[in-house]
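**Q** everything below, folded, please.
(one chain, ligands or ions: 1)
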Amino acid sequence: MDENGLFEVLKRYGQYHLIEHYRGLEEKKKEEFIKNIEKLDLELVFKLYNHFSTPESDKPRKYSNIKNSNIIGLHKTAEELRMKHLAKKRGEELIRQGKVAVLIVAGGQGSRLGFDYPKGMFPISPVKEKPLFQLFAEQIRAMEIKYQRRIPLLIMTSEENHKTTVEFFESVDFYNLDRENVFFFEQNMLPSITPKGRLIRSSDTSLYVNPDGHGGSLKALYGSGLLSRLLSLGYEELFYCQVDNPLVKIADPVFIGYHMMHNAEVSTKVVRKRSPEEKVGLYLNVDGKDRIIEYSDLEEEYNDARDEKGDILYWAGNTAIHIFSLEFIMDLNKNGFALPYHCARKKIEYPLRKNLIRTIDIWKFETFVFDAIPLAKRTCCMEVKREEEFSPVKNKEGLDSPITAKKDMINLYRSWFEKAGIFIPEHVPVEISPLFAFEEEDFMEKIMDFSKEEIEDMIGQGIIYLG
Ligand code: UTP
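**A** You can find the predicted model right below:
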């Protein structure tokens with residue numbers, strides 16, 4: 001784009017204040033300004049702005065005809081356990097055939113956690129303080145060893161944290177993963193806009209932008225060319241999770257197996273809601289279609305409803321763990337990106353001039369990955385135990401914080417020991433590296449090789465790490 005092109009675009013959207021600002025810049029900065037504007041999808045932003053400026057768009061969406069979906073429950077009966085066994089075999093087969101890739105979305109801003117680095121670098125494991133990224137990489141490495149197949153790891157970053165994330169993986173030598181098999185790609189950024197339709201600057205040469213939401217992963221995967229590349233290499237299914245859940249079972253074969261048995265395009269893991277107040281999206285069937293509805297978009301009667309036993313009626317809380325068929329992601333992109341955009345209305349501290357900071361209103365636009373569910377022809381959903389698979393690190397302290405995640409990790413590892421008949425006292429922190437055992441069955445086998453004395457010695461040391 002040249003200067004005339006820039007003026008043409010900015011005039012089209014009534015951004016005369018930016019033209020005036022540009023005119024006052026020195027040559028080098030002018031070039032930078034153009035480069036920064038050029039890569040933004042202003043057409044999309046103003047389309048969304050016009051849409052969200054209409055009074056109807058501000059009204060909360062009313063859902064009717066809501067019921068619980070068909071969800072594969074926890075496995076209890078002999079038949080359920082047999083199905084689980086079959087699903088696992090099917091999933092393992094698919095991994096062995098090299099059909100499964102893993103995507104971790106790690107592009108968010110992590111504002112609640114308030115950590116200065118990408119969230120994946122947050123030290124979380126209870127004994128060794130391994131970062132989240134390491135826990136995932138070690139799981140993948142352990143699976144590659146077990147199944148004798150490479151599992152590509154895709155990490156979605158954002159403009160803000162891309163460089164640091166890549167440098168971090170380089171500094172740790174990719175945790176022994178094949179670096180040719182780890183792919184980083186950036187999600188798109190969209191300019192935020194004021195309610196009056198003004199784009200604002202974050203510096204002399206750039207606009208104030210925000211990452212386009214976790215749904216942006218399905219767009220950027222396509223845009224980056226990685227989707228076509230995976231398909232051409234014969235991959236078919238993509239395991240998806242968020243960077244902030246240290247308990248996630250990466251590429252869980254049981255989950256993959258059920259996804260295949262249902263011939264699903266999207267699958268989801270859910271956990272029982274802790275309380276009616278828990279701020280978690282719910283997996284529901286609405287007008288015959290499965291979808292996830294955000295807590296805030298659901299009327300109170302649904303969050304509070306109880307069944308005849310007094311349990312929470314709409315219980316299926318979203319864990320943000322999914323499997324997507326790669327062909328389905330392709331379909332979502334073929335005729336323009338299919339996911340709907342949401343508008344978050346926020347307040348930010350904005351420097352209007354030097355030494356003059358004001359709170360201003362802005363709108364930011366993003367897509368949510370779970371909005372893909374109702375677009376799928378076939379879906380699958382399974383319940384998992386929260387204490388085994390879901391403990392997100394969202395807040396600095398309190399619920400869903402590093403403290404609760406560490407505690408949940410210790411409890412999980414301790415429960416594995418208990419199932420092997422070994423009691424670990426409360427005060428002894430425990431950590432089991434995925435490289436020692438990435439699932440309970442593996443652990444059972446390996447721990448049986450330890451003698452009684454070795455175990456007693458381990459407990460006596462007051463801290464347990466198996467790696
Ligand atoms: P959250 O919605 O919890 O956002 O993202 P966040 O950025 O991590 O934290 P807050 O809300 O600012 O405190 C859930 C997951 O989705 C990813 C995050 O990295 C996290 O793994 N995400 C979110 C993206 O990759 N991109 C986005 O634009 C938003």
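**Q** beyond the helix-or-strand element of the chain with minimal mean pLDDT, next helix or strand please.
**A** Across the helices and strands of the chain, mean pLDDT, DSSP states H and E gives its lowest value to helix 55-58, namely a mean of 80. Next helix or strand after helix 55-58 toward the C-terminus (DSSP states H and E): strand 66-67.
**Q** counting by contacts, list what that following strand packs against.
**A** In terms of contacts (3 or more CB pairs under 8 Å, 6 or more residues apart in numbering; DSSP states H and E), strand 66-67 is packed against strand 282-286. The C-beta positions use only the backbone N, C-alpha and C, and glycine is treated the same way.
**Q** avg pLDDT for the strand it packs on?
**A** Mean per-residue pLDDT for strand 282-286: 97.
**Q** what's the answer for stretch 222-236, then?
**A** Rounded mean pLDDT across stretch 222-236 is 98.
**Q** can I get the CA coordinates of it in CSV?
**A** This file holds the C-alpha atoms of stretch 222-236, laid out as CSV (Å, rounded to 0.1, in the frame of the first residue of the first chain):
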residue,chain,number,x,y,z
TYR,A,222,-6.1,-22.2,7.5
GLY,A,223,-4.6,-18.8,6.7
SER,A,224,-1.1,-19.9,7.8
GLY,A,225,-1.1,-22.8,5.3
LEU,A,226,-0.6,-25.3,8.2
LEU,A,227,-4.0,-26.9,7.7
SER,A,228,-3.3,-27.8,4.1
ARG,A,229,0.1,-29.0,5.1
LEU,A,230,-1.3,-31.4,7.8
LEU,A,231,-3.9,-32.7,5.4
SER,A,232,-1.3,-33.3,2.7
LEU,A,233,0.8,-35.2,5.2
GLY,A,234,-2.2,-37.5,5.9
TYR,A,235,-3.3,-36.1,9.2
GLU,A,236,-7.0,-36.2,9.8
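**Q** for the protein, give me the ranges with low pLDDT.
**A** Along the chain, no part satisfies pLDDT under 70.
**Q** quick check: the residue of it nearest the ligand.
**A** Gly108 (2.1 Å; CB to the nearest ligand atom).
**Q** hang on, that residue in a strand?
**A** No. Under DSSP: H, G, I helix; E, B strand; the rest coil, Gly108 sits outside any strand and is assigned coil.
**Q** in which helix or strand does Pro126 reside?
**A** Element membership for Pro126 (DSSP H and E) is empty, with no helix or strand holding it.
**Q** how close does it get to Ile403?
**A** Per CB to CB, to the nearest Å, Pro126 is found 10 Å from Ile403.
**Q** give me the residue at the spatial middle of this protein.
**A** Central residue of the chain (CA atoms, centre = their mean): Gln242, 2.5 Å from the mean position.
**Q** tell me the SS of the nearest residue to that residue once chain neighbours are set aside?
**A** Nearest non-adjacent residue to Gln242, counting by CB to CB, 6 or more residues apart in numbering: Ala320, 4.8 Å away. Under three-state DSSP, Ala320 falls in the strand class.
**Q** Ala320 contacts Val248, correct?
**A** No. Using CB atoms under 8 Å, Ala320 is not in contact with Val248; the gap is 9.1 Å.
**Q** for the stretch 101-250 of the chain, list the residues in contact with the ligand, please.
**A** Taking CB under 6 Å from any ligand atom as the contact definition, the stretch 101-250 of the chain meets the ligand at 105-112, 119, 156, 187, 211-214, 216, 242-244.
**Q** now list the buried members of those.
**A** The neighbour count (16 or more other CB atoms under 10 Å) marks 105-108, 110, 119, 156, 187, 211-214, 216, 242-244 as buried among those.
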